[in-house]
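Asks: My questions are about this predicted structure, shown below with the sequence.
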Amino acid sequence: MRHGLAIAAAAAGILAWSQTGTADVTASSASDPTSGVDAEISSMLGAEKAAMERVSSDRLARLSQPMREEKARQRRSVLAALFAGREAEKQEIPARTIEAIDALPTARGDAEWECLAEALYFEARGETVEGQFAVAEVILNRVDAPAFPDTVCGVVNQGTGARYQCQFTYTCDGAAEVIHEPRAHDRVGKVARIMLDGAPRELTDGATYYHTKAVNPRWARRFDRTTTIGVHHFYTDPTRLSMR
């Protein structure tokens, strides 16, 4: 009888050890087939990040160029369709005069329109209407140029943050952008609307830079001046002539 009890006790001990051992093994991360996956993923992502950091900004720009060109092509197609509809309705582009622009109804638009209207207000509200159209051309030419952001707001706010390190001074001169002349803002808003709706850019010959006659920046010596309208000289960069 004692012999039988001893065998039963031994069997129970083996069973208990087996169950404990099984639980320990299941809980062990060393035996978990998914262990180390997070570390491997982090390592892979780290390697990809390091590789991307070794790629020059010019190389990245070239890699993204086909996508940007397609986006620009689609935008031009939309504008062409808009103008085809306008011509079919026999609607003419307003003359670039104060009288013609003031006769138009107040313009409205999305964020892109707001950015363009704001830029025209702070950069060119004291210019002739033709001069305002010319500045709008520069901004939209930049949108289509690979060297610049591909949205109006991106172009207008490029470099904003560091004082006087931006592309358009009013965005980084430390002064608040307050509209004190609502009539002038209404006028440039109409100019912005006309240009965003696809009006032909025929004033600046593809210019992507400008400055007032009151200054003589160094960069202007390297660029090709395309025209002068009002108080602004307009330029193209001969090293960056391709458009999206």
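Replies: Done, it's in. Numbering: from 1, shown residues only.
Asks: got any ranges where this structure has weak pLDDT?
Replies: Low-confidence segments of the chain (pLDDT under 70): 1-92, 161-162, 240-244.
Asks: make it 50
Replies: 1-35, 83, 85-90 (pLDDT under 50).
Asks: can you give me the strands in it?
Replies: 209-212, 224-229, 232-236 (DSSP state E).
Asks: Deepest-packed of those, please.
Replies: strand 232-236 (a mean of 22; mean count of other Cβ atoms under 10 Å). For every residue, glycine as well, the C-beta is placed using N, CA and C.
Asks: Redo the strands of the chain as CSV? Include distance to residue 151.
Replies: Formatted as CSV, the strands of the chain follow (distance: least, Cβ to Cβ, whole Å):
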stretch, distance to residue 151
strand 209-212, 19
strand 224-229, 24
strand 232-236, 21
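Asks: and residue 115, which of those strands is closest to it?
Replies: Nearest to residue 115 among the strands of the chain is strand 209-212; the distance by Cβ to Cβ comes to 17.3 Å.
Asks: Helices along the chain, start to end?
Replies: 2-27, 37-53, 57-88, 98-102, 111-124, 129-143, 152-156, 182-196 (DSSP state H).
Asks: which residues are contacting the last one?
Replies: It refers to helix 182-196. 93-94, 98, 101-102, 104, 106-109, 112-113, 116-117, 120-121, 124-125, 129, 132-133, 136-137, 140, 152, 179, 201 (Cβ atoms under 8 Å, 6 or more residues apart in numbering).
Asks: Report the inter-axis angle for that helix versus helix 111-124.
Replies: Here helix 182-196 points in a direction 120 degrees away from that of helix 111-124 (axes from the mean of the first three to the mean of the last three Cα atoms, to 10 degrees).
Asks: Now do helix 182-196 against helix 129-143, angle only.
Replies: Using the same axes, to 10 degrees: helix 182-196 against helix 129-143 is 50 degrees.
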